[in-house]
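A.B. asks: Any chance you could fold what I've pasted below:
(one chain, ligands or ions: 2)
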Amino acid sequence: MSTSFTSISAVDFGRLRDPSTKKAELEVLRAAVFDVGFLYIINTGLEGLIEETQAELPRIFSLSPEEKKSVQMLNSPHFLGYTGLGTETTAKKTDIREQFDFGTQCIPWKTGDPFWKRLEGPAQFPNDNVKNLVNRYSTSMTNLGREFVHFVAESLSLDTDVLDQFLGDMSRLKFIKYPPTTPGSQGVGPHKDSIGLFTFLAQDKVGGLQVLNKSGQWIDAAPIPGSLVVNIAQGFEAITGGICSGTTHRVIAPTASERYSIAFFQAVRLNLRLEELKQSAKEIVAKIPASDDKKKRTVDVPSELISPLYSCFGEAQLRNRIFSHPDVGEKWYPDLYAKYKEQVLV
Ligand SMILES: O=C(O)CCC(=O)C(=O)O
Ligand SMILES: [Fe+2]
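C.D. replies: Ligands and ions are numbered 1, 2, ... in the order given. Below is the predicted model of the structure:
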């Protein structure tokens, strides 16, 4: 999707919420979502909560190694918990960051449910303060995310709630710390967000986030205090038949001080099947402002979400998680790990 943009637009939620300015701002939103795939949203009303949560991150990451280990992701069949430095690889290089993955509250998997439903379950919290903060932040982001997809639908002159049918139950929230390191190091390597419909990211003041345009240039997504950076994830890519592909991005590791960020991955409904998706997405795809040439374009990076190998989004996402965290995948899903290892994405 990414054209040769050289800057990233800011979409003003205040103007979207005001009937007298909404129409003009929906145009800005439409161009940002459908031509670039990356944008800032400002004036959401969540500036205070974002600031408060950012301010807590240094304290949370300075918990003792024992406290972190007690909530490690390896404990969780839902891929929720703490992962330490150097355990993640993107684009064949080791990422230099540590993370806590949480999930929004949901009805957990029970015996008899489909196997992929086990992706959803309780989060692990190191203490009650973190639990309260995570739940408060997640609730606000869930509401904001729903409001955002309503505006996206309206920007295409579609019914406001047309995208609601794709929303899932358990969104994922990730606290991330990048420690300072040698110049030119990889915080996280070039990637598209695999899980979710859209990602809503709050970065601190340090910088380092970059977005790839179609000419192969890395464009800085410089910090704007109180804003959220929003980008298309592979769920929305699938809904648009690949026309709106996720935009590749990366983080250059900081050199002088820690960098902290908070990523909210908006859930896609796990029981969504490919056939059902194609059918229900038709109306949306027809309205997307792209050339016929672009409409025919297939997705450039293989995506589990639109592969016929997997029965539904839930299975596709489970496969994705198993490979992103092979130690967790092999521990909790040994049979699937062995099966998926043999498959090549088509
Ligand atoms: O930390 C950031 O600014 C971006 C993180 C990111 O892209 C991701 O975790 O998917
Ligand atoms: Fe990302």
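A.B. asks: mind listing what the helix or strand harbouring residue 201 pairs with, with the direction of each?
C.D. replies: Using DSSP states H and E, residue 201 sits within strand 198-203. In the sheet, strand 198-203 lines up against strand 228-232 (antiparallel), strand 259-265 (antiparallel) (DSSP bridges).
A.B. asks: chain center to that strand, what's the gap?
C.D. replies: Taking the mean of its C-alpha atoms, strand 198-203 sits 7 Å from the chain's own mean (CA atoms, centre = their mean, to the nearest Å).
A.B. asks: Paired strands for whatever helix or strand comes next after that strand, with orientation please.
C.D. replies: As assigned by DSSP H and E, the chain's next helix or strand after strand 198-203 is strand 209-212. Applying DSSP bridges, strand 209-212 is found paired with strand 218-220 (antiparallel), strand 249-252 (antiparallel).
A.B. asks: For the closest residue to ligand 1 within the chain, report the pLDDT, please.
C.D. replies: In the chain, the residue that lies nearest ligand 1 is residue 261 (3.5 Å; CB to the nearest ligand atom). The C-beta positions use only the backbone N, C-alpha and C, and glycine is treated the same way. You'll see residue 261 listed with a pLDDT of 98.
A.B. asks: which element is residue 41 on?
C.D. replies: Here residue 41, judged by DSSP H and E, is contained in strand 38-42.
A.B. asks: what are the C-alpha coordinates of the strand holding residue 201, in PDB please?
C.D. replies: Output in PDB follows, covering the C-alpha atoms of strand 198-203 (Å, rounded to 0.1, in the frame of the first residue of the first chain):
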ATOM      1  CA  PHE A 198      -4.900  -1.900  13.400                       C
ATOM      2  CA  THR A 199      -2.000  -1.200  15.800                       C
ATOM      3  CA  PHE A 200      -2.200   1.800  18.200                       C
ATOM      4  CA  LEU A 201       1.300   2.800  19.400                       C
ATOM      5  CA  ALA A 202       2.300   5.300  22.100                       C
ATOM      6  CA  GLN A 203       6.100   6.000  21.800                       C
END
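A.B. asks: Turn the strands paired with strand 198-203 into JSON lines, columns for distance to residue 167.
C.D. replies: Output for these, formatted as JSON lines (distance: least, CB to CB, whole Å):
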{"stretch": "strand 228-232", "distance to residue 167": "15"}
{"stretch": "strand 259-265", "distance to residue 167": "12"}
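A.B. asks: Need the winner for burial among those.
C.D. replies: strand 228-232 (a mean of 26; mean count of other CB atoms under 10 Å).
A.B. asks: touching ligand 1 at all, the following helix or strand past that strand?
C.D. replies: Next helix or strand after strand 228-232 toward the C-terminus (DSSP H and E): helix 234-239. No - judged by CB under 6 Å from any ligand atom, helix 234-239 and ligand 1 are separated, with a smallest distance of 11.4 Å.
A.B. asks: Report the distance from helix 234-239 to the chain centre.
C.D. replies: That offset, for helix 234-239, works out to 11 Å (CA atoms, centre = their mean).
A.B. asks: can you tell which of the strands paired with strand 198-203 is closest to residue 203?
C.D. replies: strand 259-265 (4.6 Å; CB to CB).
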